[in-house]
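Enquirer: Fold the following and give me the result.
(chains A and B)
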There are 2 protein chains.
Amino acid sequence: MKTINLQEKHAQFNKHWHPHQIAVVNDMQVLLAKLKGEFVWHSHKHEDELFQVIKGTLYMQFRNRTEVVKEGEIIVVPKGVEHCPMTKNEEEVHILLFEKSTTAHTGDVTHDLTQTTYPKI
Amino acid sequence: MKTINLQEKHAQFNKHWHPHQIAVVNDMQVLLAKLKGEFVWHSHKHEDELFQVIKGTLYMQFRNRTEVVKEGEIIVVPKGVEHCPMTKNEEEVHILLFEKSTTAHTGDVTHDLTQTTYPKI
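Expert: Numbers count the residues shown, from 1 in each chain, chains lettered A, B, ... in the order given. Got it, this is the predicted structure:
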């Protein structure tokens, strides 16, 4: 029941594509992440996932198009839909994620970037 | 799978304490609301609720203290905890809410401000 400042939390880590958990709401969690470059193509069979851009511009690639998501904007990726988040021009993008506590980082894909647990900050 | 701009959505309604639904994520929903003045003391027996301040300063009153929540900050009100959101100095505050689709607006309390459904925008 304490106020959480997103900027202060983002300042606590630097690694890209490495979400940190800042809160739990029912059976979902709130994660923060810093993104740079391209992630991994994947999907979550049973879970929707919400991305909110806090700083910078996120390019959410789908197989047939790309959505541009800027600061103050959100996008919901529905379950089963393949996606691959990306940033451009070496920009570091800060995001907030809202997803089920059971959602696997890279879906069924295993990759060097795959994380199985998220540090709490 | 479309980008949603929070400011544009907030511009689509004016009524205070009257949440509008902008997205669904699993069994939870994303609501936007404009707040001014004081709401109603209530709690949600089975559901946590997340508040994110998009503009202005929110005062989240609990029975024994008040948390100040500013732009770029969030607060999670756990299930069962009595709370009453408030704004000060005639300021209109814009917030985003994450909550279960089943969460009642004013919990067990019925009030003139109680809404049973949220318009989708």
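
Enquirer: So which other helices or strands are in contact with the helix or strand that contains A:L32?
Expert: A:L32 is located in strand A:28-35, with elements delineated by DSSP states H and E. Secondary-structure packing of strand A:28-35 (3 or more CB pairs under 8 Å, 6 or more residues apart in numbering or on different chains; DSSP states H and E): helix A:6-10, strand A:20-25, strand A:93-100. All C-beta atoms are positioned from the backbone trio N, CA, C, and that covers glycine.

Enquirer: Which residues does that strand contact?
Expert: A:6, A:9-10, A:13-24, A:54, A:58, A:85, A:87, A:92-101, A:118, A:121, B:25-26, B:28, B:50, B:74, B:76, B:98 (CB atoms under 8 Å, 6 or more residues apart in numbering or on different chains).

Enquirer: Specify the angle between that strand and strand A:93-100 in degrees.
Expert: Per axes from the mean of the first three to the mean of the last three CA atoms, to 10 degrees, the angle that strand A:28-35 makes with strand A:93-100 is 160 degrees.

Enquirer: Quick one: closest of the helices and strands packed on strand A:28-35 to B:E38.
Expert: Closest approach to B:E38 among these (CB to CB): strand A:20-25, 23.9 Å.

Enquirer: if you compare the helices and strands packed on strand A:28-35, which one is most tucked away?
Expert: Greatest average neighbour count among the helices and strands packed on strand A:28-35 goes to strand A:93-100 (a mean of 22), per mean count of other CB atoms under 10 Å in any protein chain shown.

Enquirer: That one close to chain B?
Expert: Yes: Strand A:93-100 is in contact with chain B by CB under 8 Å from any CB of the partner chain, via A:98-100.

Enquirer: who does that strand pair up with?
Expert: Counting by DSSP bridges, the strands paired with strand A:93-100 are strand A:28-35 (antiparallel), strand A:49-55 (antiparallel).

Enquirer: So which of the ones you listed is the most surrounded?
Expert: When the strands paired with strand A:93-100 are compared using mean count of other CB under 10 Å, strand A:28-35 is most buried, at a mean of 23.

Enquirer: doesn't A:I74 fall inside a strand?
Expert: Yes: under DSSP: H, G, I helix; E, B strand; the rest coil, A:I74 sits within a strand.

Enquirer: right, and it touches B:E8 too?
Expert: No: if you go by CB atoms under 8 Å, A:I74 and B:E8 don't touch, sitting 11.6 Å apart.
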